[in-house]
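**Q** return a 3D structure for these sequence lines:
(chains A, B, C and D)
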There are 2 protein chains.
Amino acid sequence: MSDSIARFRRFARAVTAEVGALDTSFLGRGRPLGAARVVNAIGAGRTDVAEIRAYLDLDSGLMSRLLRSLEDEGLLTTEPHPDDARRRVARLTEAGQREYAAYEDLSDARASALLARAPRAEELLRAMDLVALTLGRDRFAIEEVDPRSEAARTCLQAYYAELARRLKTGFDVKLSRDPEAQAMIRPRGAFLLATADGLPVGCVGLKGRGGPVAEIKRLWIDPAARGFGLARQLMEAVEAAARDLSIAVLRLDTNSALPEALALYRKAGWVEIDRFNDDPYPDHFFEKVL
Amino acid sequence: MSDSIARFRRFARAVTAEVGALDTSFLGRGRPLGAARVVNAIGAGRTDVAEIRAYLDLDSGLMSRLLRSLEDEGLLTTEPHPDDARRRVARLTEAGQREYAAYEDLSDARASALLARAPRAEELLRAMDLVALTLGRDRFAIEEVDPRSEAARTCLQAYYAELARRLKTGFDVKLSRDPEAQAMIRPRGAFLLATADGLPVGCVGLKGRGGPVAEIKRLWIDPAARGFGLARQLMEAVEAAARDLSIAVLRLDTNSALPEALALYRKAGWVEIDRFNDDPYPDHFFEKVL
DNA sequence: CATAATAGCTGACTTTAGTCAGGCATTATG
DNA sequence: CATAATGCCTGACTAAAGTCAGCTATTATG
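**A** Predicted coordinates:
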């Protein structure tokens, strides 16, 4: 398949040009690229000098000089790290934050200009998601969030939409047993969100009733994030959360129109049991003793 | 949709890291990036010095010095352009070709390493195609080729596969009137191939019988290249080719399962006519007087 | 508590990239 | 055929990036 390599490389050429153009636009703010990158790294939350150095792959001497020049410009201040006075942390001043915002605006403007001229923007974004997640040096992060948070709701909406698409019967949340949020918040339950580079890419809910039995609900992975073992990671994380909440037995229901989910549960040691609710959508029921 | 911007930018971060890593790997061959880029540009077929300069956006002084240093290394030779002695053309020596091959190997290795770790490589490539074509600074090129050439056959295979997928009846080339290649080669007809950055992305055939009436066949556009008006461009090009061959009347048949094709023909001034063949697949017939 | 390791800083570099004015052939143009 | 324009070259820069040895202050370790 040398053709795949040619296709990959056509892609690489196209994005190289795009990346170069963005760098050039950064120069427009009268500061060399190295300094601009430092401002952006700090603005993005990388405050530890060593961390920035590792991220940007800079020599310590060069890093030091860049910090000094940005300090002279009044864009940042440095101070010793509270836990270790050998290390330093950098912080943007107000002027620095304005500069960072200006760089962000440049990037945002490029992004929206490009999206605007794309004939099928949503399809393009899905493609970009897949590429970003495959190339991504950051792996996935899993955190516990409120199921009513915006990120959680984004995932849930996508989950409902996918069920509606894939179940032969369609899917209407109102007809299903929609767990109220409290059941998926500690101390009764939990709701886990998986993110990649800050954007939500998957979720799973643990719906408890205060007793030793709880249910796994709403396991969903962004199509672009499938194939990386994220569902398994989320399931492991939610089982850990359940143990933490002293849950002894986990249950879940699912539908045979979702074969990848069935396969996952079977492989992860879940055993099939009889129907335990009268929800109209599921046709398979599983249990796992922790 | 500020979320789209966030998604775009996650993509940009991921590919920036990837691009940077490739550049770094180029440095491993003991030559600054500028010089490496020149070697690659020439290796890729850009021999004219002015053309390389425009492509890499280099100052004439800098370009000159890079050429000189590569000449000193024995990687290339320059000579005056045969048509215009002010211009120069650069040519890689054998040593230069070996260096170019080494750079190509580095790129290929990165590409295949990345593709190997992608869980769904074909889906990833489709995504990359779409991104590359949307960002691509090079627009499409249309050229006349032999319908039996490899690139043409790639398109035709994809065309047949798509018909098989989209027609309710399925599609079997053998049951259709497959024009023999001679009918799509001058002087009887023509076959046009659209490429993007060297890779085939669409085709159209003009099937003539020597008389004033000819048929348009095999119009196909790579899904990743749809929405850019390429079908219209190909139709215009094939009409021009038909005029060039003194064709007076063009005909074509198509199927209502391909609504975008029907819309295109109607918009381009084609008028619907009665069935003019007994091919089992088409259910719509069009004509255009040139 | 002496010693080693770590994080960052400074000075003194080199290399790479980029800029600009002027020059020399060569080619186009009125 | 004089003049202008073009394409490339050279010299003489400046700016940015990257390297390296040695320094100081701090923290970890046996």
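
**Q** would stretch A:233-247 count as contacting chain B?
**A** No: if you take C-beta under 8 Å from any C-beta of the partner chain as the test, stretch A:233-247 misses chain B, and the best it gets is 14.0 Å. C-beta coordinates here come from the backbone N, C-alpha and C atoms, glycine included.

**Q** and the angle for the longest helix belonging to chain A with helix B:2-27?
**A** When chain A is parsed with DSSP state H, its longest helix is helix A:2-27. Taking axes from the mean of the first three to the mean of the last three C-alpha atoms, to 10 degrees, one finds that helix A:2-27 is oriented at 110 degrees with respect to helix B:2-27.

**Q** what about helix A:2-27, near DNA strand C?
**A** No: against DNA strand C, helix A:2-27 shows no contacts by C-beta under 7 Å from any atom of the strand, the least distance being 8.8 Å.

**Q** for the helix or strand following that helix, name the packing helices and strands.
**A** Going down the chain from helix A:2-27, the next helix or strand is helix A:33-43, by DSSP states H and E. Secondary-structure packing of helix A:33-43 (3 or more C-beta pairs under 8 Å, 6 or more residues apart in numbering or on different chains; DSSP states H and E): helix A:2-27, helix A:49-56, helix A:60-72, strand A:84-92, helix A:94-116.

**Q** rank these by pLDDT, which is bottom?
**A** Among the helices and strands packed on helix A:33-43, helix A:2-27 has the lowest mean pLDDT, at a mean of 90.

**Q** which secondary structure elements does that one contact?
**A** By 3+ C-beta pairs under 8 Å, 6+ apart, helix A:2-27 packs against helix A:33-43, helix A:94-116, helix B:2-27, helix B:94-116, helix B:121-135, strand B:199-208.

**Q** list the buried ones in it?
**A** A:4-5, A:7-16, A:18-19, A:26 (16 or more other C-beta atoms under 10 Å in any protein chain shown).

**Q** and stretch A:142-157, by the same measure?
**A** Quick answer for stretch A:142-157 (16+ other C-beta under 10 Å): A:142, A:145, A:147, A:151, A:152, A:154, A:155, A:156.

**Q** please name the nearest non-neighbouring residue to the residue in the stretch 51-200 of chain A that chain B sits nearest to.
**A** Nearest to chain B, among the residues of the stretch 51-200 of chain A, is residue A:119, at 2.9 Å (C-beta to the nearest C-beta). Using C-beta to C-beta, 6 or more residues apart in numbering or on different chains and skipping the chain neighbours, the partner closest in space to residue A:119 is residue B:227 (2.9 Å).

**Q** quick check: pLDDT value at the one you found.
**A** 90.

**Q** quick one: it from DNA strand D, how far?
**A** 36 Å (C-beta to the nearest atom of the strand, to the nearest Å).

**Q** for that residue, give its distance to residue A:222.
**A** Separation of residue B:227 from residue A:222 (C-beta to C-beta, to the nearest Å) stands at 24 Å.

**Q** returning to what we had before: and the longest helix of chain A, how far from the chain's centre?
**A** 24 Å (C-alpha atoms, centre = their mean, to the nearest Å).

**Q** and the angle from that helix to helix B:94-116?
**A** 100 degrees.

**Q** what's the angle from helix A:2-27 to strand B:199-208?
**A** Going by the same axes, to 10 degrees, helix A:2-27 makes 120 degrees with strand B:199-208.

**Q** picking that back up, where does the residue of the stretch 51-200 of chain A closest to chain B fall, helix, sheet strand or coil?
**A** coil (DSSP: H, G, I helix; E, B strand; the rest coil).

**Q** that one - how many residues pack around it?
**A** When neighbours are defined as other C-beta atoms under 10 Å in any protein chain shown, residue A:119 has 14 of them.

**Q** show me which residues of chain A are close to DNA strand D?
**A** A:32-35, A:58-62, A:80, A:84-86.

**Q** look at residue A:189 and report its pLDDT.
**A** So residue A:189 comes in at 94 (pLDDT).

**Q** and for the one 4 residues further on?
**A** The predicted structure scores residue A:193 at 97 on the pLDDT scale.

**Q** so it bridges to which residues?
**A** Judged by DSSP bridges, the bridge partners of residue A:193 are residue A:143, residue A:203.

**Q** how near is it to residue A:141?
**A** From residue A:193 to residue A:141 the distance is 9 Å (C-beta to C-beta).

**Q** between these two, who's got more neighbours?
**A** residue A:193 (22 against 12).

**Q** wait, isn't that one in contact with residue A:155?
**A** Yes: look at residue A:193 against residue A:155 with C-beta atoms under 8 Å: they come within range, at 6.8 Å.

**Q** ok, back up a step: does the residue nearest to residue A:119 count as helix, strand or coil?
**A** Strictly by three-state DSSP, residue B:227 counts as coil.

**Q** now do the contacts for the spatially most central residue of chain A.
**A** Geometric centre of chain A, nearest residue: residue A:195, 1.7 Å, by C-alpha atoms, centre = their mean. Residue A:195 is in contact with A:140, A:141, A:142, A:143, A:151, A:201, counting by C-beta atoms under 8 Å, 6 or more residues apart in numbering or on different chains.
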